[in-house]
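# make a model of this:
(chains A and B)
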Amino acid sequence: MKKIALLICFSALVNSLNLTAQSFNTLWIPDTLSGTTFNLNIKDTSAVFKPGYTTLTSGINGEFWGPTLFVNKGDTVHMNVRNQSNDSTTIHWHGMHLPAVMDGGPHQIIPPGTLWQPFWEVTNQAGSYWYHPHLHEMSQEQITKGLGGFLIVRDAEEAALALPRKYGVDDIPIVITDRDFNTQMQFSIVPYGDSIMANMTLRAQYPVPAQMVRLRLLNGAIETSYNLGFSDNRSFYVIGTDGGLLNAPVLISGTTPRFLLSAGERVEILVDCSGQSGSSFFLKAYNQSLGGFIPGGESFPNGPFASFLGHTNYNIVKFNVGAQTSNPITTAPTALVNNVYPLEASSQFTRTITFSDSTGVTSVPVLGPNAFILGHKLFDYDYINHTIPLNQTEIWELKSTSIFGHPFHIHDVEFYILTINGATPPAEQRGWKDVILVKGGNTVRFIAKFDDYADLTHPFMYHCHIALHEDEGMMGQFVVEDAALSVAPSIQNQTDFTIYPNPVQDRLFIQQENTSNEVYYVTVRNMLGRALMMLPKPDIKQGIDVSSFKSGMYIIEIMDVKTKSLKSYKFIKS
Amino acid sequence: MKHFFSLFFLFPICLSAQLHVGNPDFRLRNVDNQMISLESYPNAKGFILVFTCNHCPFAKLYSKRLNALSEKYEALGVPLLAINPMDTLVYEEESFELMQEKAKKDKFKFPYFQDDLQAAGKYFNAKNTPEAFVIWKENGNWILKYRGAIDDNSDNKERNITYINEAVDALLLNRQVVTPETPSFGCKIYYRK
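Purely as a prediction, here's the structure:
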């Protein structure tokens, strides 16, 4: 607590540092990775934001933030996530429909020095998703330090459309965040920053061609919602929401065209820069028009929620329009994709999730004795809040009595909003979503189908995407149950495994004696017990690659699907 | 609104009262395999204890600065002792062998101890690597005079605020330490339960 207090105090002294400088930095465009196998190395590292000062950051394959991963719908993608940082962490594939054991929620903890290898078949449609840490009580700190990245899905339907698609040229990913620097130029772990960052660049500018430009905007902030618009109040088209393209572009126009983007949320827009070569304009946050109970609309002079950016308007990126590229896209398509949303009548169950400012909930360090909570309960690691039958279509009624707005996020599914306070949502929200800002006192109803992935062991999460709120318990969890498979663990279902060859040089194979069972999870440890590999549902026919191990004895722990009992075996790496 | 949680009660947190640190009787293994304790330095007026480690990027940045501090203050009777409190079970890179390699590669002019039981780290409640503690002998007792960052992280020599130099220089002149506590920054030290 002492440290937090000092950091806040110091930061208040210096936080105008980055707002007063006039020079611009070129917007950094993250590197890309594509294919079906992705190597992601999480590291503590450092970056220089102010000459002469080094800021401790976390990065994935780099010094801050991570590469943009391009995946194709229908491919099975394999992730080699190696945690080389000081802290345990998790990596959650935000928006992806995948098995819970691969999801990277708070239960899939990767200790320092460990390789985690999730894989899944990409079934999401083309869109802008992302990945970020999700370790309970550490999300705010680890996101602040820079962990995260875009995950862009491509598919044939999207590829057939006349849309800008040249990454970094006319198709630009921008993660918007804010940070607070203390006097030592370290990040303060606070909910609101005083320095806006676009792709981790302070005072960013970027050249755009004189044609239709696609911006993939991600709110990667801890708490702030950004009420986005352009400095010349130009209109723009919303073409995609969290879970992919809309049926048709929605023109946002009028005297003050705006799109409110909350923490964790994405929007894809088209901005027409045709014929504007030589001119400049800004992407801005118009947060002065936000109410005091919207994240980013608050205005506190001091305390942990103080921010120079609270309830004010500010620039995010300056765009300098240059020459047109060859084969430019100059108009927005009239139609996009054919989304089939579940009908309200198809719902088999309505589930109500309350948002409240609970009195008497204690043990939370920042929010105090009146934490924001869901379902009248602080997050409990070992408590499953909801069990949902596989393939059930449900309406979730998010009912807020909280005074404050909370961006609600659910794992596993993309949902479709039916009503906000009884009314049909605006056209630009009528698409697949996985985050929705539930304003104080509002009721939001959405519909979703919980298909494909049943697992009673690993839960999916739902939570407020304000990392501080989530860390302090505004989160719940659900499992999807396949009644046909839910048999009580019995001795008949247990299985032994044989591992071979032993000693092993390259690949260790697992043979199960009961062929009706399957391997659910494999952990490989050294003799001190340190986890070296965490392998959810590994393909045991391929064997486990231990070729990089030093010679010596190791332990392999194998958990089976049916009984979830754990068997340990020793093997020697020669 | 309720977001106002009073942090003002936490101020001031500085070491306004002199803090006795007792007689830390650690015997820790230096990278040269010698077991050393504070009593191995009978003439020391004080110590600069720096909790640091191998793997943290910030600890890596400070090798040269620690060498400079050690060279300057050991001659004035204030040795610098570096202590690695990281859990070797968790971090493979913190092994004694790799500490020896680091001390050699970075030409450490000071001892670099492995605190494998994390006793020294717990005793001082060290939070991050690097984090420094200046202790001073007064009437036979060790008194904590400074804890926190080594400096303000600036590599600009004209503007750099070197907290340890300021603290030790003041103590050598029998003066009060003006800034007895600063927030340290770097990698968190996790203690095994």
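
# drop to CA atoms for contacts and neighbour counts, all remaining ones
Fine.

# low-confidence ranges, chain B, go.
For chain B, the stretches with pLDDT under 70 are B:1-20, B:23, B:156-159.

# and the helix ranked longest in it, C-alpha only, in CSV?
The longest helix of chain B (DSSP state H) is helix B:63-74. In CSV, the C-alpha atoms belonging to helix B:63-74 read as follows (Å, rounded to 0.1, in the frame of the first residue of the first chain):
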residue,chain,number,x,y,z
SER,B,63,25.7,-3.8,-12.9
LYS,B,64,27.8,-0.9,-13.8
ARG,B,65,26.2,1.5,-11.4
LEU,B,66,26.6,-1.0,-8.6
ASN,B,67,30.3,-1.4,-9.4
ALA,B,68,30.7,2.4,-9.2
LEU,B,69,28.9,2.6,-5.9
SER,B,70,31.0,-0.3,-4.5
GLU,B,71,34.3,1.3,-5.6
LYS,B,72,33.4,4.6,-4.1
TYR,B,73,32.0,3.6,-0.8
GLU,B,74,34.0,0.5,0.2
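
# residues near A:Ala335, how many?
By the other C-alpha atoms under 10 Å in any protein chain shown criterion, the neighbourhood of A:Ala335 contains 13 residues.

# does it count as helix, strand or coil?
Three-state call for A:Ala335 (DSSP: H, G, I helix; E, B strand; the rest coil): coil.

# what inclination does the helix or strand just after the longest helix of chain B have with respect to helix B:63-74?
Scanning forward in sequence from helix B:63-74 by DSSP states H and E, the next helix or strand is strand B:80-84. If you take axes from the mean of the first three to the mean of the last three C-alpha atoms, to 10 degrees, strand B:80-84 sits at 140 degrees to helix B:63-74.

# just list what the longest helix of chain B packs against, helices and strands only.
Applying 3 or more C-alpha pairs under 8 Å, 6 or more residues apart in numbering or on different chains; DSSP states H and E, we find helix B:63-74 packed against strand B:80-84.

# neighbouring strands - and their directions - for the strand it packs on?
strand B:46-51 (parallel), strand B:112-114 (parallel) (DSSP bridges).

# now the shortest one, how far from the centre of its chain.
Okay, so that is strand B:112-114. With C-alpha atoms, centre = their mean, to the nearest Å as the basis, strand B:112-114 stands 12 Å off its chain's centre.

# buried sites along the helix or strand following it?
For strand B:112-114, the succeeding helix or strand toward the C-terminus, using DSSP H and E, is helix B:119-124. Neighbour-count burial for helix B:119-124 flags B:120-122, B:124 (criterion: 16 or more other C-alpha atoms under 10 Å in any protein chain shown).

# just give me how far the following helix or strand past helix B:119-124 sits from the chain centre.
Using DSSP H and E, the helix or strand that follows helix B:119-124 in sequence is strand B:128-129. In this view, strand B:128-129 has its centroid 9 Å away from the chain centroid, taken as C-alpha atoms, centre = their mean.

# who does the next helix or strand after strand B:128-129 touch, helix- and strand-wise?
The first helix or strand that comes after strand B:128-129 along the chain, using DSSP H and E, is strand B:131-138. In terms of contacts (3+ C-alpha pairs under 8 Å, 6+ apart), strand B:131-138 is packed against strand B:46-51, strand B:141-148, helix B:163-172.

# mind listing what strand B:131-138 pairs with, with the direction of each?
strand B:46-51 (antiparallel), strand B:141-148 (antiparallel).

# list the buried residues for stretch B:60-68?
For stretch B:60-68, by 16+ other C-alpha under 10 Å, it's B:60, B:62-63, B:66-67.

# which residues in the stretch 101-250 of chain A form helices?
A:139-144, A:156-159 (DSSP state H, counting those that start in this stretch).

# figure out which of the ones you listed is closest to chain B.
Taking C-alpha to the nearest C-alpha, helix A:139-144 is the member of the helices of the stretch 101-250 of chain A nearest to chain B, at 11.6 Å.

# can you name the residues bridging to A:Arg445?
A:Glu397, A:Thr419.

# hmm, who's touching the longest helix of chain B?
Contact with helix B:63-74 is made by B:79-80, B:106, B:108-110, B:165, as judged by C-alpha atoms under 8 Å, 6 or more residues apart in numbering or on different chains.

# ok, now stretch A:89-108?
Contacts for stretch A:89-108 (C-alpha under 8 Å, 6+ apart): A:83, A:109-112, A:118-124, A:129-136, A:242-243, A:411-414, A:434, A:453-455, A:458-461, A:536.
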